[in-house]
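J.: I need the structure of the sequence given here:
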Amino acid sequence: MVPMRRLKTVALVGIDGSGKTTQAHRLAEELAAQGLPATYRRNAGGRRWFGRLATAVGKRDGEELLGRRLMLLVESLLRWLAILRTLLRRTITGELTVMDRYAVCQYASLRARSAPEQAARLAYRLFPRPDVTFLLAVDPEIAHDRIEARGYDHEEMSYLRAADAAYRSLPEHEHFVVIDANGTPDEVSAAMHAELLDWQSRAAPEPWLPAVLANARTALLVGGPLAAGATAIGMQLAEAL
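T.: Coordinates of the predicted model:
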């Protein structure tokens, strides 16, 4: 029997209201129940926090509070730091990391707002692609209803449609495992588990040398990438101001 490659990282991406956080928590808990060292990690960009702060001071959202360009800069920087922390933690602990959002979420956010992606891509290219990236595909109308039902934030239909189109147009889309997220949480969860089982059954074991090199690459996140990422984010800052 051919040994299966060990699953190390799973990322859930998609528009707001697609169920990323719910499903990422659930997947981590279910994998942990199977005896795997699975842990949920959220790579947030701070938009929700700034939205709440904006509401508290009488503004509509984070973009009205900070301005669109500055909000995108802050979001890019905070998400970059969150992903860096997640990958460093995974390197140290050896955990199976279930990521709520990843680098492609920032590309889609920028693209949906017709903002330049070059600086963000330069900074985020340091991060390896997850073993499996699930794109939770949901109709923008259904996503909008879910956002309104949860009651603590709001999103315009025009943006949800633009974000949906942005995810589908990303060059990374060909590597996504697309999951129909219009159904019930149980249906979405079952579809993801089926895809993970399929991935494990057809994945060839990794040769030891590439595995060593991959671990070394991740370990390098401690040093050089900090300077490179800061430079790229600084380029985006220059564009924002």
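J.: so where's the longest helix in the chain?
T.: helix 68-93 (DSSP state H).
J.: elements contacting it?
T.: strand 38-42, helix 47-56, helix 62-66, strand 96-100, helix 103-112, helix 118-124, helix 208-219, helix 224-240 (3 or more CB pairs under 8 Å, 6 or more residues apart in numbering; DSSP states H and E). Where C-beta positions appear, they are placed from N, C-alpha and C, glycine not excepted.
J.: what angle do it and strand 38-42 make?
T.: Angle of helix 68-93 versus strand 38-42, following axes from the mean of the first three to the mean of the last three CA atoms, to 10 degrees, is 160 degrees.
J.: from the chain's centroid, how far away is helix 68-93?
T.: 10 Å (CA atoms, centre = their mean, to the nearest Å).
J.: same deal with stretch 29-38?
T.: Using CA atoms, centre = their mean, the offset of stretch 29-38 from its chain centre is 20 Å.
J.: rounded mean pLDDT for that stretch, please.
T.: The average pLDDT within stretch 29-38 is 95.
J.: only the buried residues of that stretch, if you could.
T.: Buried residues in stretch 29-38, counted by 16 or more other CB atoms under 10 Å: 31-32, 38.
J.: and if you look at stretch 110-124?
T.: 110-113, 115, 117, 119-120, 122-124.
J.: where in this protein is pLDDT low?
T.: The chain contains residues with pLDDT under 70 at 1-5, 46-47, 49-51, 54, 60-67, 152, 203-241.
J.: mind running it again at 90?
T.: 1-6, 44-76, 147-156, 200-241 (pLDDT under 90).
J.: which residues touch Ile142?
T.: Ile142 sits next to 17, 182 when contact means CB atoms under 8 Å, 6 or more residues apart in numbering.
J.: quickly note the distance from it to Ala181.
T.: 8 Å (CB to CB, to the nearest Å).
J.: for Ala137, same thing?
T.: 6 Å.
J.: ok, the two, which is more surrounded?
T.: Using other CB atoms under 10 Å as the criterion, Ala137 and Ala181 rank with Ala181 on top: 28 against 17.
J.: does that one touch Leu136 like I think?
T.: Yes - in this structure, Ala181 is within contact of Leu136 by CB atoms under 8 Å, at 3.8 Å.
J.: between these two, what contacts are shared?
T.: Residues touching both Ala181 and Leu136 by CB under 8 Å, 6+ apart: 14, 18-19, 23, 188.
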